[in-house]
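>>> compute the structure for the input listed below.
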Amino acid sequence: MRPDTKVEKVYLYPKPVDFRKSIDGPAALVELDIKVAVFDPVLFVFLNKPRNRVKILYWERNGFCLWLKRLESERFKTSPDVTDEAIALTVQELNWMLAKMQSRMGVLEEQVALLRQRLFGRKSEQAVDPATPQMALFNEAEHEVELACETTEEEVVTPAKRRGKRNPLPADLPRIEVIHELPEHELTCTCGCRKHAIGEEISEQLEIVPMQIRVIKHVRKIYSCRDCETAPVTADKPAQVIE
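This is a model prediction of the structure:
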């Protein structure tokens, strides 16, 4: 692909494709099944039936380009939620998904390194891997614990720093509003009257759906009784992996 090549969207065709056909086969699928102009600045990704090969089709200036990738012992995998419909990703959505995956992988690699050092490393080993600078913090913390056990000096405890506010999620991402109501049995106040909604608590959660990125907007209803001074009650929100 040329350095100045511009790609605006990526289409994944989940149905198995006969790879004995060259460029004409995938190009026909683009026009007839995906129903997208094959000359648009779009990458089209196709899988064979065993899912050990992938072909990428792209129109570049005055001709088609076709790339082939083969796995020797593995298989290309897609989410079980993926249907037979072609899936489209914009470049921004693809970058978001890749950045999220890379960030998660980095965190997991650091956690594994710390656990290995904790389980198998000797206390005298103070070498720090430049790729995992958190090891220095771990060794320092362990050393401070040992010193605290040997000294009788007065310990001064400082309050932990409060976490800063998270930056808002991009406004251009699609949003789905989920309303959380109180269960029916909690709408009756202890005084016997029915509670009424007096406000809302709104939070946003980044959710990565297979081949799609969107923001779920949680609206938690807040109820209070108008006839007494009972404290307001906020509807629960489902447990989340990423806040």
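>>> that's a helix at residue 26, yeah?
Yes. The assignment for residue 26 (DSSP: H, G, I helix; E, B strand; the rest coil) places it in a helix.
>>> next one: it from residue 65, what distance?
As judged by C-beta to C-beta, to the nearest Å, residue 26 and residue 65 stand 11 Å apart. Bear in mind the C-beta positions are built from the backbone N, C-alpha and C, glycine included.
>>> which residues in the protein form strands?
9-16, 42-47, 53-60, 63-70, 87-90, 175-180, 196-209, 212-224, 233-234 (DSSP state E).
>>> circling back: who touches both of residue 26 and residue 65?
The contact sets of residue 26 and residue 65 overlap at residue 57 (C-beta atoms under 8 Å, 6 or more residues apart in numbering).
>>> look at these two and report which has more neighbours.
residue 26 (23 against 15; other C-beta atoms under 10 Å).
>>> domain ranges for the chain?
9-90, 175-234 (automatic domain parsing).
>>> so for the last one, mean pLDDT?
Across domain 175-234, pLDDT averages out at 84.
>>> what is the end-to-end distance of that domain?
Terminal residues of domain 175-234 are spaced 22 Å apart (C-alpha to C-alpha, to the nearest Å).
>>> about what we covered before: could the domains of the chain go into a markdown table alongside distance to residue 115?
Shown next, in a markdown table, are the domains of the chain (distance: least, C-beta to C-beta, whole Å):
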| stretch | distance to residue 115 |
| --- | --- |
| domain 9-90 | 27 |
| domain 175-234 | 26 |
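>>> burial count for the closest residue to residue 196 other than its chain neighbours?
With C-beta to C-beta, 6 or more residues apart in numbering as the criterion, residue 196 has its nearest non-adjacent residue at 5.9 Å, and that residue is residue 226. Residue 226 has 10 neighbouring residues, counting by other C-beta under 10 Å.
>>> I'd like the distance between residue 226 and residue 35.
Taken as C-beta to C-beta, the span from residue 226 to residue 35 is 56 Å.
>>> also residue 192?
From residue 192 to residue 35 the distance is 60 Å (C-beta to C-beta).
>>> what's the answer for residue 185, then?
Distance from residue 185 to residue 35, by C-beta to C-beta: 50 Å.
>>> with residue 73 instead?
Counting by C-beta to C-beta, the gap from residue 73 to residue 35 is 36 Å.
>>> also residue 174?
Counting by C-beta to C-beta - residue 174 and residue 35 are separated by 22 Å.
>>> which one's more surrounded, residue 73 and residue 35?
The residue with more neighbours, out of residue 73 and residue 35, is residue 35; 8 against 5, by other C-beta under 10 Å.
>>> ok so, going back, quick one, phi psi at the residue nearest to residue 196?
Per-residue torsions, residue 226: phi -80, psi -10 (degrees, to the nearest 10).
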